[in-house]
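**Student:** Fold the following and give me the result.
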Amino acid sequence: MQKLKKIGPWLSGAAAGIVNGLFGAGGGMVLLPLLTHTTDLKEHETFASCVCIVLPLSLVSAGVYLLRGGEFASSSVPYLIGGAIGGVLAGLFLKKLPTKWLHRILGIFILWGGYRLLTA
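**Tutor:** Predicted structure coming up:
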């Protein structure tokens, strides 16, 4: 168990990076359960840590995409503005929401995303 505590964060980060890089999203959904099982963080700290970890992962993925010839900057601006507003609001309410509801909300988004992928 002690060995898992040492390598768990590295493996969790690698798994989140792989998922984020392959699919352009989802790193946090992989990271949340992994951090829950491999660290001693409290649940609200785990949610907040996922947010802090996913930003650099997304920047790395975007950088690799750009270096490989991807063009997306102009089409992403409206989403960045909306995402920034949503991120601020969510950050303000994170500690006020019970962990049970955070899990439920995340579960709904995962199910909705899965449904959309299966029916696409």
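**Student:** can you give me the strands in this structure?
**Tutor:** In order along the chain, the chain carries no strands (DSSP state E).
**Student:** From residue 42, how far off is the closest residue to residue 43 other than its chain neighbours?
**Tutor:** Nearest non-adjacent residue to residue 43, counting by CB to CB, 6 or more residues apart in numbering: residue 99, 4.3 Å away. Every C-beta, even on glycine, is put in place using the N, C-alpha and C of the backbone. Distance of residue 99 to residue 42, given as CB to CB, to the nearest Å: 9 Å.
**Student:** Below-threshold pLDDT in this structure: ranges please.
**Tutor:** Low-confidence segments of the chain (pLDDT under 70): 1-5, 24, 72-74.
**Student:** Just want the most central residue of it.
**Tutor:** For the chain, the residue nearest the mean C-alpha position is residue 28 (2.1 Å; CA atoms, centre = their mean).
**Student:** need the contact list for it.
**Tutor:** Residues near residue 28 by CB atoms under 8 Å, 6 or more residues apart in numbering: 16, 50-51, 53-54.
**Student:** helices and strands around the biggest helix by length in the chain, which ones?
**Tutor:** Looking across the chain with DSSP state H, the single longest helix is helix 43-67. With contacts taken as 3 or more CB pairs under 8 Å, 6 or more residues apart in numbering; DSSP states H and E, helix 43-67 sits against helix 2-23, helix 27-38, helix 99-119.
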